[in-house]
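*Asks:* build me a model from this:
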Amino acid sequence: MKSNHGANLHQLSEELGINENKIIDFSSNINPFGLSPKGLENLKNNLNLATIYPDPNYTDLKASISEYCKCNPENIILGSGATELITSSIKVINPQNTLLLAPAYSEYEKELKNINSKITKFFYKKENNFQINIDDIIALVQKSNFDMIIICNPNNPTGTLIPLKDIEKLYLNFKKPIMIDETYIEFTDFSKTSAINLIDICQEIIVIRGTSKFFSTPGIRLGYAIISKGVILDAMSSIPNLWNINIFADIMGEAMFKDYDFIRMCHKNFKENFTLLYNGLNKFKDFKVYNSNSNFILCEILNSKYNSNDLYHFLSKKGIIIRKAESFDNLNNNFFRVCVLTKENIDFLLQEIYKFIQQY
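*Replies:* Numbering: from 1, shown residues only. Next up is the predicted model:
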């Protein structure tokens, strides 16, 4: 199993001899529109609170998340990033036999192997444009003895979004824990697409989210899970985690989830920039550009004269970093992924790709 994290900008800065701040990172999948002004203001105004412990119940933070997600605060579990909650959920459920939709984030498989779970992978296939028929998964579930299903929705790196009605249908045919990683759901109309809508309907749904991608805050390490009431929520609530969310994540998070002007701005600008990037990539006959319901786009190189390594090295010399996708299951070095950045950066990327293709 290979890692499929994004670029290490510090390391790349040294390798390329380019100032870290000058690198244009199309590999990170982080919202390019900056930080929530209200979250940042709240943080600046309360830096002196570093001298005290956070509220151990995180009452205000949970209230903000509850309002943002339209869920009960009692269903919320906080963590130091989404990955910590993924790890905790897998340990609590302790599945002996897990169905994993793939290709996907490498941490799922890593944590499953840590508990010696048998892993069966159901693949999004390129011949189906990385779309799936939920009945195919249900058929597999009904003839197997899985203890847990793990889904990234929208999926990284394919951008596939499984409709809410299909998630519900799958659960009703499985009736065992389903963990849904919604790291990228906020780049969709998430009031209609999020599995949080199923929390009160289905008994063993675990929805994982972080703030790194949509809220552009990987540095504060804040994640949250929304879990159906029952044994999983009780077990997650009993894990010793006193003050595991630092005071700055608490302060900033409490304000940014309520910064609706910022959230609306991000959605408006994201849609415009996504369209610019998607249409621009589609103009290159050398690429097959796959539909995406996230803030990144998966592309396949069709020209046998070069691959994603060649494109990566050409662009990196210009300070542009794309995500080579060969580390993901079932993808080879013809695949690469790019995320949505600013219009200026997208224009620069497309210009440089054009120059690269002209060589062939």
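
*Asks:* A225 - how many residues pack around it?
*Replies:* Residues within reach of A225, counting by other C-beta atoms under 10 Å, total 25. Using the backbone N, CA and C atoms, a C-beta is placed for each residue, glycine as well.

*Asks:* ok, what's across the strand from it?
*Replies:* In this entry, A225 is beta-bridged to I77, I208, by DSSP bridges.

*Asks:* not counting sequence-adjacent ones, nearest residue to N29?
*Replies:* C339 (4.5 Å; C-beta to C-beta, 6 or more residues apart in numbering).

*Asks:* for the stretch 1-150 of the chain, which segments count as strands?
*Replies:* Chain-ordered strands for the stretch 1-150 of the chain, with DSSP state E, counting those that start in this stretch as the definition, fall at 24-25, 76-79, 97-102, 118-123, 148-152.

*Asks:* for I199, find the nearest of the ones you listed.
*Replies:* strand 76-79 (10.3 Å; C-beta to C-beta).

*Asks:* now the strands of the stretch 1-150 of the chain in CSV, with mean neighbour count, distance to N31 and mean pLDDT?
*Replies:* Conversion of the strands of the stretch 1-150 of the chain to CSV gives the following (neighbours: other C-beta atoms under 10 Å; distance: least, C-beta to C-beta, whole Å; pLDDT from 0 to 100):
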stretch, mean neighbour count, distance to N31, mean pLDDT
strand 24-25, 21, 12, 94
strand 76-79, 22, 20, 96
strand 97-102, 21, 24, 98
strand 118-123, 15, 29, 98
strand 148-152, 25, 18, 98
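
*Asks:* Throw these into a markdown table and include distance to F328, thanks.
*Replies:* A markdown table is the format used below for these (distance: least, C-beta to C-beta, whole Å):
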| stretch | distance to F328 |
| --- | --- |
| strand 24-25 | 18 |
| strand 76-79 | 25 |
| strand 97-102 | 8 |
| strand 118-123 | 11 |
| strand 148-152 | 11 |
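
*Asks:* out of these, nearest to I227?
*Replies:* Shortest distance between I227 and those, using C-beta to C-beta, is found for strand 76-79: 6.2 Å.

*Asks:* what are the contacting residues of the closest one?
*Replies:* Applying C-beta atoms under 8 Å, 6 or more residues apart in numbering, the external contacts of strand 76-79 come out as 58, 61-62, 65-66, 69, 85, 88, 222-227, 233, 236-237, 241, 244-245.

*Asks:* list the contacts of A50.
*Replies:* With contacts defined as C-beta under 8 Å, 6+ apart, the neighbours of A50 are I247, F248.

*Asks:* hmm, 7 Å instead?
*Replies:* In this structure, A50 makes contact with I247, judged by C-beta atoms under 7 Å, 6 or more residues apart in numbering.

*Asks:* and N291, by the same measure?
*Replies:* Taking C-beta under 7 Å, 6+ apart as the test, what N291 contacts is N129, G159.

*Asks:* roughly how far does it sit from F130?
*Replies:* Summarising the geometry, the distance separating N291 from F130, computed by C-beta to C-beta, to the nearest Å, is 8 Å.

*Asks:* tell me, what's touching those two both at once?
*Replies:* Any residue near both N291 and F130 by C-beta under 7 Å, 6+ apart counts here, and not one turns up.

*Asks:* nearest to Q359, of the strands of the stretch 1-150 of the chain?
*Replies:* Distances from Q359 to each of the strands of the stretch 1-150 of the chain were compared using C-beta to C-beta; the minimum, 20.6 Å, belongs to strand 24-25.

*Asks:* hmm, P177 is touching C202, no?
*Replies:* No. In this structure P177 lies outside contact range of C202 using C-beta atoms under 7 Å: 10.0 Å.

*Asks:* quick one, which of those two is more surrounded?
*Replies:* Neighbours around P177 and C202, counted as other C-beta under 10 Å, are more numerous at P177. The numbers are 27 against 19.
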